[in-house]
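**Q** let's see this in three dimensions:
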Amino acid sequence: MTIALIPGSFDPFHNGHLEVVERAANVFDEIVVAALRNPQKSDACFTLEERREMIQESLAHLERVRIVSVSTLLVNVAADVGATAIVKGLRAVSDFESELQMAQMNRSLSGVETVFIPTSSTHSFIASRLLREVARYGGDVSHFVPAPVEKRLREKFAGMA
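**A** Prediction:
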């Protein structure tokens, strides 16, 4: 059985993330989506539990998907879930440089390979950081996020614009 671990901060989960999970589900027997606390990204908009819930709701249409939220090294999560591969989405060439370094480090630490899935051009510009900013100022992000995420963003920023 092949198990893919798809990690990210997912703050919030958006349609680019959704595309990567759906495409990986066509390749691997099981998908584990891991919402991680990223110490390099300050001031999360949503708690890990809120992110886990939004991801669960957004992926309810898929079978063989588990959601976890953790604050530890990715290779530890990979070992815990029995991952045979780590899957990372790439939006642009600029993503590849840092993702390659992480893939090499993760393989060196654990032996787990990383598989890259490029997002389609319709999702390549979507970034959680931009979505938070648009939502904070009352902009419409409904075309960029699954419905459960759009609802939570509206609730989070209600009355702030």
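**Q** contacts only, for residue 95.
**A** Contact analysis of residue 95 by Cβ atoms under 8 Å, 6 or more residues apart in numbering lists residue 89. The C-beta positions use only the backbone N, C-alpha and C, and glycine is treated the same way.
**Q** check what pLDDT it gets.
**A** Looking at residue 95, its pLDDT stands at 90.
**Q** is it in a helix, a strand, or coil?
**A** helix (DSSP: H, G, I helix; E, B strand; the rest coil).
**Q** let me see the ranges of the strands in the protein.
**A** Applying DSSP state E to the chain gives strands spanning 3-8, 30-36, 65-70, 85-90, 113-118.
**Q** what residues sit buried inside the fourth one?
**A** Yep, that's strand 85-90 we're talking about. 85, 86, 87, 88, 89, 90 (16 or more other Cβ atoms under 10 Å).
**Q** do I have it right that the first one meets residue 116?
**A** No. Taking Cβ atoms under 8 Å as the definition, residue 85 is not a contact partner of residue 116, at 10.5 Å.
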